[in-house]
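# one predicted model, sequence on top.
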Amino acid sequence: MHQRVLRLWYEDSPGGAALRPLSWLYRAAMSARRGAYERGWLRSHAIGKPVIVVGNLTVGGTGKTPLTVWLANRLRQRGLEVGLVSRGYGREQGGLRAVTSASSWREVGDEPLILHRNTGCMTLVASDRVAAARSLGARGAQVILADDGLQHLRMRRDCEIVVVDGGRGLGNGRVLPAGPLRESPARAWAADVLVVNGSEQGDAVRGIPAGLAARALRMRLAASGARQVAPGAASASARAADSGHAAAGGRARTLETFRGRPVHAVAGIGNPQRFFADLRACGLEVIEHPFPDHHALSAGDLDFGDDLAVLMTEKDAVKCGELANPRAWYVPVEATFSEADSGRLLELVMRKIESFNPAGG
C-alpha cells in the first residue's frame, strides 16, 4: 500500500481521481485554518525568543533534520545558546520531556534523538510545542529552532525555512490524500528561504516555478562513512551530546570497504530511494529493504539469512541500539552548502535573530 501511494504521488500513476474530492476538502480546510490565524480568529502565541522554523510542504523526508543540525551548530559557533523543539513524532507519550543520554527513542522520538546527539543543544519534545519553546527560553535558550513546525501556526515564528527534495519536488502538485502536499504549493512563496536538497543550481524542481527555484539555496547530504550499530556506541554518542560534543558513534569504516559483496540496505525514512541511490553512488551493490517512515525495526527485520553487512540510516539506527547485530552499520549524513549559499542562509537567519523585538512578539 505504501509503495502504491508513493507511485500515485510521485509517478503520476492512475487511480487517484477518486481521492481528488477529498483533496479539495483538505485544501479548503487548510486554507480556512491559515486564514483564521491571519485574521486573528485563532491565536498565534509569542515565545519571547526568536523562533526559526524548519519544515517542508510534503509528507515524508526532505532533509530538514540534517539542515536543523547544520543550522544549530553554526549558530552555536556564533556564541548563541540554541534550543531545539519538536513534537517527537511516534513517541509513546505526549507530555513535555527533555532529550538526554538516558532517553529512549520510544519516549522522545527518533528525530529529536538525532538532533540532540549531533548538536548537544537543549532539546525538548512535547505535543504542546508552545509550552516547550517557552520552557527552552526559561532554561537559557537565546534562539529556538523548531523542527518540522511549518504547519504549527499556533507558535509564532520569526523565520521560515522550507526544504524541498530536489528529486521528488512537489510530486503531482496535489494536497493530501491525492498528493503528497500538506498545503498549497503557493505556500513556498511565503517562506523566508527555500532550500532544495539534492540538485544543482539551475536544475528544474518539479512543482516549483522557475523564478522561485532560481533563488533557492542548494543543499546536499554528504555521507561520512559508516559506524557500527551497538548499544555501547549509542550510549557513548548520547553522553558526548550531553557534554556538548558532537557524537562520535561506534567503530567506523569507509563506505568503500563494503565494495565487492552485496549489502542489505535498510531505510525506514520518508524517501528510502534516496538512501539506496547514495549507496550505489559510492560503488556499493545494494539489496533494497524499504520500510515506512519512522518504522520500528525489529531483530527479524534485519535477519536476511546470510552474513552480508546491513547498512541503515542514522534515523533507523537510533531504534536499533538494543539489537545485538554485529553486521549492522549506519551511515550518518550531514548537510553541505556552497560557500555562497551557506553565507546567504546564515546572514538571513542572523538578521532575523538580531532584529527580533520581544515587545513586538
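That came through, no problem. Residues are numbered from 1 along each chain as shown.
# all helices of the stretch 51-200 of the chain, in order?
64-77, 105-108, 110-119, 129-138, 187-190 (DSSP state H, counting those that start in this stretch).
# not counting the fourth one itself, show me its contacts.
So that's helix 129-138. Helix 129-138 has contacts (Cβ atoms under 8 Å, 6 or more residues apart in numbering) with 45, 47-49, 51, 83-87, 96, 122, 124-126, 144, 146, 149, 152, 154-155. Backbone N, C-alpha and C define where each C-beta goes, glycine included.
# what subset of the residues you listed is buried?
47, 49, 51, 83-87, 96, 122, 124-126, 144, 146, 149, 152, 155 (16 or more other Cβ atoms under 10 Å).
# and Ala188, how far from Ala204?
Applying Cβ to Cβ, to the nearest Å, the value for Ala188 to Ala204 is 15 Å.
# which of the two has more neighbours?
Ala188 (21 against 11; other Cβ atoms under 10 Å).
# just to check, that one is in contact with Val164?
Yes - Ala188 is within contact range of Val164, at 7.3 Å (criterion: Cβ atoms under 8 Å).
# hey, what's in contact with both of those two?
Each of 57, 194, 208 lies in contact with both Ala188 and Val164 under the rule Cβ under 8 Å, 6+ apart.
# scan the residues you listed and report the most crowded one.
Busiest of the shared contacts of Ala188 and Val164 [other Cβ under 10 Å] is Leu57, holding 26 neighbours.
# now it: phi and psi?
Main-chain dihedrals, Leu57, degrees, to the nearest 10: phi -90, psi -20.
# any idea how far Arg20 is from Gly173?
Arg20 is 12 Å from Gly173, by Cβ to Cβ.
# hang on, I meant Leu323
40 Å.
# same thing with Ala72?
In terms of Cβ to Cβ, Ala72 sits 32 Å off from Gly173.
# neighbour-wise, which of these two wins?
Ala72 (26 against 15).
# next, count neighbours for the closest residue to that one other than its chain neighbours.
Spatial nearest neighbour of Ala72, chain neighbours left out: Thr119 (4.4 Å); criterion: Cβ to Cβ, 6 or more residues apart in numbering. A count of nearby residues for Thr119, using other Cβ under 10 Å, gives 24.
# was I right about Thr119 contacting Arg74?
No - the criterion here is Cβ under 8 Å, and Thr119 misses it with Arg74 at 10.3 Å.
# quick one: stretch 331-343 to chain centroid distance?
15 Å (Cα atoms, centre = their mean, to the nearest Å).
# and what of stretch 200-218?
On Cα atoms, centre = their mean, the centre of stretch 200-218 falls 20 Å from the chain's centre.
# can you list the low-confidence ranges for the stretch 101-250 of the chain?
231-250 (pLDDT under 70).
# mind naming the longest helix for this protein?
Using DSSP state H to define each element, the chain has its longest helix at helix 20-38.
# just the buried residues of that one, please?
Quick answer for helix 20-38 (16+ other Cβ under 10 Å): 23, 26-27, 30, 34.
# so which of the residues you listed is the closest to Ser184?
The closest of the buried residues of helix 20-38 to Ser184 turns out to be Arg27 (Cβ to Cβ; 6.4 Å).
# surely the closest one and Val175 touch.
Yes - applying Cβ under 8 Å as the test, Arg27 and Val175 come out as touching, 4.7 Å apart.
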